[in-house]
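# 3D model of this:
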Amino acid sequence: WEFADVKGVVESLLERLPLAPLRWRAESDQPSFHPGQTARVYAGEQALGIVGALHPSMAEDLGVRSPCWVVELDLEPGLD
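From the prediction side, this is the model:
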């Protein structure tokens, strides 16, 4: 999988909810995530979460041998 694939899955899930239009912003300051393959997702101005590849050094520490994608969402703020 690539970032675009994971982003598409997240967008498909979120399009079913009554949220403001989604937007994405690249993220590079999260130590658990790969800096070139991570973004925050927003509904309007409200941050909903982060989507990205597990950082290679974190994957190695955990014994993960294949690419691992992480999605963390908090939908409650966006559903006001």
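# Determine the longest strand present in this protein.
strand 33-43 (DSSP state E).
# Which positions within it qualify as buried?
Phe33, His34, Gln37, Thr38, Ala39, Arg40, Val41, Tyr42, Ala43 (16 or more other CB atoms under 10 Å). For the C-beta atoms, the positions are set from N, CA and C on the backbone; glycine is no exception.
# again, but for stretch 58-70
For stretch 58-70, by 16+ other CB under 10 Å, it's Met58, Ala59, Trp69, Val70.
# so how far is it from its chain's centroid?
16 Å (CA atoms, centre = their mean, to the nearest Å).
# Endpoints of that stretch, how far apart?
12 Å (CA to CA, to the nearest Å).
# Begin at 302 from now on, thanks
All right, first residue 302 from here; so that's stretch 359-371.
# Need the contact partners of it.
The contact list for stretch 359-371 (CB atoms under 8 Å, 6 or more residues apart in numbering) reads Trp302, Val307, Pro332, Ser333, Phe334, Ile351, Val352, Gly353, Ala354, Leu355.
# ok, Ala327 - contacts?
Going by CB under 8 Å, 6+ apart, the list of residues near Ala327 reads Thr339, Ala340.
# Ser329 now?
Here Ser329 is in contact with Pro336, Gly337, Thr339 (CB under 8 Å, 6+ apart).
# got TSV for those, with distance to Gly364 and pLDDT too?
Putting the contacts of Ser329 into TSV (distance: CB to CB, whole Å; pLDDT from 0 to 100) gives the following:
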residue	distance to Gly364	pLDDT
Pro336	22	85
Gly337	23	87
Thr339	21	95
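# could you pull out the helices for this protein?
For the chain, applying DSSP state H gives helices covering 304-315, 357-363.
# Any regions of the chain where pLDDT drops low?
378-381 (pLDDT under 70).
# quick one: the residue of it positioned farthest from its centre and Leu355, what's the gap?
Relative to the mean C-alpha coordinate of the chain, counting by CA atoms, centre = their mean, the farthest residue is Gly364 (21.5 Å). Distance, Gly364 to Leu355, by CB to CB, to the nearest Å: 12 Å.
# do the same with Leu349
19 Å.
# So which bits of stretch 315-322 are buried?
Neighbour-count burial for stretch 315-322 flags Leu315, Leu320 (criterion: 16+ other CB under 10 Å).
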